[in-house]
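> Here is a sequence together with a model predicted from it:
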Amino acid sequence: MNITITKNPNPATPPTENFGFGSTFTPHMFRMDYSDGQWKDPRIVPYGPFSLDPASKVLHYGQEIFEGMKAYRNKQDGSVHMFRPDRNIARFQRSCERMCMPVVDPDIFMRGLNMLIDLDRAWAPESPNALYIRPTMIATQVGLGVKASTDYIFFIIIGPVGSYFAHGINPLRLKVEEKYVRSAHGGTGSAKTGGNYSASLLPIKQAQDAGYDNIIWLDAKTNSFVEEMGAMNIMFVYEDKVITAPAGDTILHGVTRESIGTLLGDFGLNWVEEHPPIAQVMEDAHSGKLKEVFACGTAAVVTPVGTIHFQGADHTIGDGNEGPLTNKLRVALTGIHSGGSERHPEWVFKVPEQG
């Protein structure tokens with residue numbers, strides 16, 4: 001399918017600072033519609049609102065998925081490139097299947113990404129800031145019957161972002177969530193769908209009201225094993241290994257998580273995928289066996305954890321500051337992002353200039 005372009009007649013000027021996170025968007029967006037069993041009319045159009053019928057299924061049954069990706073400006077030559085978009089596209093397809101939605105052909109997905117980013121490449125900021133990419137699909141069939149929609153909109157919006165956390169890379173203060181759960185086996189935890197995130201809003205707000213940055217999720221069955229952190233993965237650093245919960249039907253297959261696992265192998269470190277018992281983690285923090293903890297994800301990249309609150313008490317990780325491995329991983333990953341590293345060139349997809 002050919003992708004048409006309608007340029008915004010009054011495009012805004014790209015900002016140079018104070019991007020925030022997820023509040024500024026470029027003048028254009030990609031859109032494609034699904035009806036009669038096929039995708040139609042892929043196009044780039046001026047950024048703007050949709051018109052939805054009040055009975056659209058997405059508004060009532062939450063049939064919706066999205067992705068979180070980034071593009072970066074190369075510090076050496078000024079080019080713009082995406083970080084591992086093939087992995088995000090594959091994850092989007094898995095989300096489609098779990099949420100009973102039509103898959104998007106990877107070729108049209110990638111061409112849409114390249115053309116949109118190229119058109120608005122002036123909006124890609126200097127590293128460590130980035131151009132955030134949000135592909136999304138929503139169900140638009142009109143009707144209140146509880147069944148999968150027959151009609152959908154797939155769209156991509158992009159915009160410059162800074163740090164996900166307001167205080168940058170300072171060590172996080174986390175609260176273990178001991179009442180609510182994020183996901184259970186057989187649920188939608190492995191799909192990137194809005195319902196997983198809306199369910200987290202109350203416990204995260206409660207934690208933030210108590211003075212913490214975010215929460216650590218425990219498993220739904222026993223409420224004793226660490227799953228992940230808020231909306232990202234979390235890893236625990238020991239002398240001889242780095243532990244994180246295995247991805248599965250309760251945990252999203254994180255692209256940054258996977259990349260860090262590869263980097264740990266490059267560094268000669270043992271990456272162990274198992275569910276760490278939270279009580280043991282806290283005991284190890286006090287004994288000194290637990291050296292560091294960090295969160296990782298597309299938005300947060302690699303962010304240190306300094307404090308974990310569990311069973312009414314704060315527990316300090318290490319000396320409460322960023323540890324050496326956390327720093328090494330963040331430097332390595334951001335070096336790849338900015339083009340300042342020779343590691344894993346296969347992870348970098350340069351956005352071609354269309355002319």
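Yep, that arrived.
> is it true that Leu52 lies in a helix?
No. Under DSSP: H, G, I helix; E, B strand; the rest coil, Leu52 sits outside any helix and is assigned coil.
> Can I get the one helix or strand Ile157 maps to as CSV, trimmed to CA atoms?
Assigning secondary structure by DSSP states H and E places Ile157 in strand 152-161. Taking C-alpha atoms only, strand 152-161 is exported to CSV below (Å, rounded to 0.1, in the frame of the first residue of the first chain):
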residue,chain,number,x,y,z
TYR,A,152,-10.2,0.0,14.1
ILE,A,153,-8.0,3.0,13.8
PHE,A,154,-4.2,2.5,13.9
PHE,A,155,-2.2,5.7,14.5
ILE,A,156,1.3,6.9,15.4
ILE,A,157,2.0,10.1,17.2
ILE,A,158,5.5,11.3,18.2
GLY,A,159,7.0,14.1,20.3
PRO,A,160,10.2,15.2,22.1
VAL,A,161,10.7,14.0,25.7
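> So for it, mean pLDDT?
Averaging pLDDT along strand 152-161 gives 97.
> Summarise which helices and strands that strand is packed against.
strand 28-35, helix 106-119, strand 130-139 (3 or more Cβ pairs under 8 Å, 6 or more residues apart in numbering; DSSP states H and E). Any C-beta I mention is one placed from the backbone N, CA and C, and that applies to glycine too.
> got these as CSV, with mean neighbour count and mean pLDDT columns?
Formatted as CSV, the helices and strands packed on strand 152-161 follow (neighbours: other Cβ atoms under 10 Å; pLDDT from 0 to 100):
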stretch, mean neighbour count, mean pLDDT
strand 28-35, 20, 98
helix 106-119, 19, 98
strand 130-139, 22, 97
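> Given the strand holding Ile157, what are its sheet partners and their directions?
strand 28-35 (antiparallel), strand 130-139 (antiparallel) (DSSP bridges).
> close enough to count as contact, Val226 and Met282?
No. With contacts defined as Cβ atoms under 8 Å, Val226 does not count as touching Met282, sitting 10.5 Å away.
> So if I had to pick from these two, which one is more boxed in?
Using other Cβ atoms under 10 Å as the criterion, Val226 and Met282 rank with Val226 on top: 25 against 19.
> Specify the beta-bridge partners of the more buried one.
Beta-bridge partners, per DSSP bridges, of Val226: Leu218.
> Which residues are in contact with it?
Going by Cβ atoms under 8 Å, 6 or more residues apart in numbering, Val226 touches Ile216, Trp217, Leu218, Asp219, Ile234, Phe236, Ala245, His275, Pro276, Pro277, Ile278, Val281.
> Just the residues you listed: which are in strands?
Using DSSP state E, the subset of the contacts of Val226 located in strands is Ile216, Trp217, Leu218, Ile234, Phe236.
> How much space separates the fourth one from Ala295?
Between Ile234 and Ala295 the computed distance is 5 Å (Cβ to Cβ, to the nearest Å).
> hey, what's in contact with both of the two?
Common neighbours of Ile234 and Ala295 (Cβ under 8 Å, 6+ apart) are Val305.
> if we can go back for a sec, if we take the ones in strands among the contacts of Val226, which one ends up nearest to Ile336?
Ile234 (21.2 Å; Cβ to Cβ).
> What count of nearby residues applies to that closest one?
By other Cβ under 10 Å, neighbour count at Ile234 equals 27.
> ditto for Glu64
20.
> Please list all residues in contact with it.
Per Cβ under 8 Å, 6+ apart, neighbours of Glu64: Val58, Met99, Thr136, Met137, Ile138, Ala139, Thr193, Gly194.
> for Leu131, same thing?
70-73, 80, 117, 123-125, 158-161.
> Same list (these) but as JSON lines, adding distance to His286.
Output for the contacts of Leu131, formatted as JSON lines (distance: Cβ to Cβ, whole Å):
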{"residue": "Lys70", "distance to His286": "37"}
{"residue": "Ala71", "distance to His286": "42"}
{"residue": "Tyr72", "distance to His286": "39"}
{"residue": "Arg73", "distance to His286": "44"}
{"residue": "Val80", "distance to His286": "46"}
{"residue": "Ile117", "distance to His286": "47"}
{"residue": "Trp123", "distance to His286": "47"}
{"residue": "Ala124", "distance to His286": "45"}
{"residue": "Pro125", "distance to His286": "42"}
{"residue": "Ile158", "distance to His286": "45"}
{"residue": "Gly159", "distance to His286": "43"}
{"residue": "Pro160", "distance to His286": "42"}
{"residue": "Val161", "distance to His286": "37"}
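> any idea how far the residue of the chain most remote from its centre is from Pro15?
Ranked by distance from the centre of the chain (Cα atoms, centre = their mean), the top residue is Ser287, with 33.0 Å. Ser287 sits 48 Å away from Pro15, taking Cβ to Cβ as the criterion.
> just the helices in the stretch 51-200 of the chain please.
57-61, 85-98, 106-119, 194-198 (DSSP state H, counting those that start in this stretch).
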